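Trainee: okay, here's the prediction I keep looking at, along with the sequence it came from:
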Amino acid sequence: CEPAVIPGPFASELFVTKAICMTSEPSVLFGECFASISAARSPACCAKLFLEVLRPYQVEIFACGEVDLTVKERTVFFVIEWPDEWRDFYLSSGFAGRDPVVAALAHRHDPFTWSELRTDRQLSSAGTEALQRLRDHGWTEGLVVPIPRGGTRFGLVSMAGKGSHFTPAEKSLIALLSVC
């Protein structure tokens, strides 16, 4: 495999082999992927590399942070890789207060998809509307990786794209990658 450089201001830091991003067997070079992301020198570099590695899974956006289900004011995002218009809408419209992903953390502590949220029928009407808004924006499936921090606090990596579903193996690999 020839090295490929991810374009952008952090190009000198982001060397990833084509095989990492394009292999049909993601587990083959998963350790190398994990090491590359873990060694990123800045959050911005890590975010760009994370998205590049997730490209074969049709993931286009993600955010990570920490959520407190009891004290909402403690919620913080560390990285938001969303289009500006979506970020502005999310933060200013009250969507954050009815986000079905955040609501699901009360009973889901393992990685889950939007499809699983729809299937388990525990979504409120506001949650159903929120997922529809995401679909209207073109994001058809999402994967959410909760990281329990104790009590009602969770680390959270939430990603979305235009894919149809994540296989159990993809879900597991991406969840592990999300923790680094």
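Mentor: Received, thanks.

Trainee: so the residue sitting nearest the centre point of the chain: helix, strand or coil?
Mentor: Closest residue to the average C-alpha location of the chain: Met159 at 2.5 Å, with Cα atoms, centre = their mean. Per DSSP: H, G, I helix; E, B strand; the rest coil, the local secondary structure of Met159 is strand.

Trainee: I'd say it and Arg55 touch.
Mentor: No: using Cβ atoms under 8 Å as the test, Met159 is too far from Arg55 to be in contact (11.4 Å). Every residue, glycine included, has its C-beta placed from N, CA and C.

Trainee: just to revisit the earlier point, please report how far the residue nearest to the centre of the chain lies from Phe34.
Mentor: Distance, Met159 to Phe34, using Cβ to Cβ, to the nearest Å: 16 Å.

Trainee: all strands of the chain, in order?
Mentor: Taking DSSP state E, the strands of the chain run over residues 3-5, 15-17, 59-68, 76-81, 112-113, 141-150, 153-161.

Trainee: between the last one and strand 59-68, what angle do the directions make?
Mentor: Angle of strand 153-161 versus strand 59-68, following axes from the mean of the first three to the mean of the last three Cα atoms, to 10 degrees, is 160 degrees.

Trainee: so how far is Asp110 from Leu143?
Mentor: Applying Cβ to Cβ, the value for Leu143 to Asp110 is 11 Å.

Trainee: no no, Arg133
Mentor: Relative to Asp110, Arg133 is positioned 25 Å away (Cβ to Cβ).

Trainee: quick one: which of Leu143 and Asp110 has more around it?
Mentor: Leu143 (27 against 11; other Cβ atoms under 10 Å).

Trainee: touching, that one and Lys171? I think so.
Mentor: Yes: between Leu143 and Lys171 a contact is recorded at 6.4 Å, counting by Cβ under 8 Å.

Trainee: shared neighbours of the two, anything?
Mentor: Pro111, Thr113 (Cβ atoms under 8 Å, 6 or more residues apart in numbering).

Trainee: and for Thr75, the neighbour number?
Mentor: Thr75 has 17 nearby residues by other Cβ under 10 Å.

Trainee: report pLDDT for it.
Mentor: Note for Thr75: predicted pLDDT of 87.

Trainee: beta partners of the closest residue to it other than its chain neighbours?
Mentor: Excluding the flanking residues, the one nearest Thr75 by Cβ to Cβ, 6 or more residues apart in numbering is Val67, at 5.0 Å. Beta-bridge partners of Val67, counted by DSSP bridges, are Phe154.

Trainee: can you give me the pLDDT of Val67?
Mentor: We have a pLDDT of 92 for Val67.

Trainee: please report the distance of it from Gly138.
Mentor: According to Cβ to Cβ, Val67 stands 25 Å off from Gly138.

Trainee: what sits against Val157?
Mentor: Taking Cβ under 8 Å, 6+ apart, we find Val157 in contact with Phe62, Ala63, Cys64, Val144, Val145, Ile147, Ser178, Val179.
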